[in-house]
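1. Give me a 3D structure for the following:
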Amino acid sequence: MGDQVTASRLLEVPYVIGKQFSEASVLLRPFRVRQRIVEGVQPEGEVVDQDPRPPGQRLAGEAVRVDVSDGSLVVVPPVGRLDIAEAQRRLQGEGQLVVEVMERAVDEAPGTVVDQAPEAGKVVRRGSVVQLVVSAGMVMPSVINMSIGEARERLVKFRLRETAVERTEPRGQVIGQHPPAGTHLAAGSPVTVHVSDGSLVAVPALQALTLAAARDALESAGALVAEVDKDFNRPDGTVESQMPTAGAIVKRGSAVRLSVVLPKPPVGWYIAGVAALLAAAGLGWRALRKTARTGHNGGQAAPAPELVARLERHPEEVGIVGALPTLPALKLRAHLERGKSTMDLGEGDSS
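-> Here you go, the predicted structure:
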């Protein structure tokens, strides 16, 4: 009979883990509840353990112990590979953790979390410091003025796109890049470089040069070709004007039209040549007149012959002797006239 009374007074202790202490107290009302505050990652006031646990029994009024979290601990969440803004939101919002950030130049996209300490899953006190290592990205180097080969080596971690452009710089020289130097990029990001094809050249200044020197300057500048009228195509001619003008940008191998003036021989050359020819003709004429006066024609002196001469200039026979032009050829044609008779004296020249 006594055993039956004792058994009837035993009550099953309900399961209250995970409930707020206020709710657990109502469920445990038949018992005397003993609360113990413990450090926990569960929200403050949540029951994290009890003694006894079901199917444990207690007499009405007996003590039942419950452990209640003080909410002082948090589990560090994983934030690797997240953008720094999202990582900070999770750490500061969910765990009320303090975030410290340091950057490191690595392959990942700039602003991406690449490491954290403490690591994910560690239990720490709320308000603890979590250090994050964030990618600063790869720094875009300057490759302008490099050869395309050098640029490829410097940009090996990026996805390179090459664009050829018509420029005067040497073929294969990098003349532009995008993004600009100093930009932070993730490895594998697209990068464009503009490369000179070397197809353009600047026309050199040729005025006052000899035609020979002008041709050399055009060839050196970029295989440019001189166009000159054939009547003035002499190496000692002087360039008077050019088209295109100096500094103009043209395609390599283009023609440059040159206006050339030929050198003028000294006036003294003409005078000396003409004087020599006339002196020779004069001597011949005087000799003939003397012969005519001493001749006999029925005892009478013959009429004096008349000298007829014509001086001709032949510029097409101008030549080059050493570095100087020769005198244009001068020819003298002469004959004697006496009455209706004529005598050809032939011709002489300045050469």
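
2. all helices of this structure, in order?
-> Defined through DSSP state H, the helices belonging to the chain, from first to last, are 2-8, 21-27, 84-94, 148-154, 211-222, 267-294.

3. What is the least confident helix or strand in this protein?
-> Lowest by mean pLDDT, DSSP states H and E among the helices and strands of the chain is strand 320-321, with a mean of 42.

4. Make sure Val74 is actually in contact with Gly95.
-> Yes - Val74 is in contact with Gly95 according to CB atoms under 8 Å; the separation is 3.9 Å. C-beta coordinates here come from the backbone N, C-alpha and C atoms, glycine included.

5. who touches both of the two?
-> Shared contacts of Val74 and Gly95 (CB atoms under 8 Å, 6 or more residues apart in numbering): Arg126.

6. circling back to that earlier point, which stretch in the helices of the chain is the model least sure about?
-> Per-segment mean pLDDT for the helices of the chain reaches its minimum on helix 2-8, at a mean of 47.

7. Now do the same contact list for Asp31.
-> You called it Asp, but residue 31 is Phe. For Phe31, the contacting residues are 11, 13, 58, 60-64, taking CB under 8 Å, 6+ apart as the criterion.

8. hmm, try it at 7 Å
-> Residues in contact with Phe31 (CB atoms under 7 Å, 6 or more residues apart in numbering) are 13, 58, 61-64.

9. can you tell me which of those are in strands?
-> Here DSSP state E is the test, and the contacts of Phe31 give 58, 63-64 as lying in strands.

10. could I get these as CSV with distance to Glu46?
-> As requested, the ones in strands among the contacts of Phe31 are arranged in CSV below (distance: CB to CB, whole Å):
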residue, distance to Glu46
Arg58, 22
Ala63, 21
Val64, 17
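
11. Kindly indicate which of those lies nearest Val130.
-> Looking at the ones in strands among the contacts of Phe31 and their distance to Val130, the nearest is Val64, at 38.1 Å (CB to CB).

12. from what I can see the closest one touches Val13, true?
-> Yes - with contact taken as CB atoms under 7 Å, Val64 and Val13 are classed as touching, separated by 5.6 Å.

13. Find residues that contact each of these two.
-> Counting by CB under 7 Å, 6+ apart, the contacts common to Val64 and Val13 are 31, 58.

14. Contact partners for the closest residue to Ala24 other than its chain neighbours?
-> If you skip the residues right next to it in sequence, Ala24 has Val16 as its closest partner in space, 3.7 Å away by CB to CB, 6 or more residues apart in numbering. The contact partners of Val16, by CB under 7 Å, 6+ apart, come to 24, 27-28, 47, 50, 66.

15. just curious, which of those is nearest to Pro263?
-> Lowest distance from Pro263 to the contacts of Val16 (CB to CB) belongs to Val47, with 116.0 Å.

16. So that closest one sits against Lys19, correct?
-> Yes - in this structure, Val47 is within contact of Lys19 by CB under 7 Å, at 5.4 Å.

17. Please compare these two by neighbour count and tell me which comes out ahead.
-> Set side by side, Val47 and Lys19 give different neighbour counts by other CB atoms under 10 Å, the larger being at Val47 (23 against 18).

18. Bridged to the more buried one, which residues?
-> As for beta bridges, Val47 partners with Val68 under DSSP bridges.

19. can you pull the contacts of it?
-> Remark: with contacts taken as CB under 7 Å, 6+ apart, Val47 is in contact with 16-19, 21, 24, 66-68.

20. of those residues, closest to Val143?
-> Gly18 (61.6 Å).

21. Tell me, please, where in this protein the pLDDT is lower than the cut-off.
-> Within the chain, the ranges that satisfy pLDDT under 70 run 1-8, 265-351.

22. cutoff 80 now
-> Applying pLDDT under 80 to the chain picks out residues 1-8, 94-95, 264-351.

23. Buried ones in stretch 68-80, by neighbour count?
-> Of the residues in stretch 68-80, those scored as buried under the neighbour-count criterion (16 or more other CB atoms under 10 Å) are 68-71, 73-74, 76-77, 79.

24. Which two among those are spaced furthest apart?
-> Maximum pairwise distance in the buried residues of stretch 68-80, criterion CB to CB, is 29.7 Å, between Val68 and Val79.

25. Can you add distance to Gly198 and give the contacts of Val16 back as TSV?
-> Putting the contacts of Val16 into TSV (distance: CB to CB, whole Å) gives the following:
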residue	distance to Gly198
Ala24	85
Leu27	88
Leu28	90
Val47	81
Gln50	85
Val66	85
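
26. From those residues, list the buried ones, please.
-> Buried residues within these, counting neighbours by 16+ other CB under 10 Å: 24, 28, 47, 50, 66.

27. and which of those residues is nearest to Lys251?
-> Of all the buried ones among the contacts of Val16, the one sitting nearest Lys251 is Val47; the distance, using CB to CB, is 87.3 Å.

28. Enumerate every residue touching Gly172.
-> Residues touching Gly172, when contacts are defined by CB under 7 Å, 6+ apart, comprise 147-148, 195.
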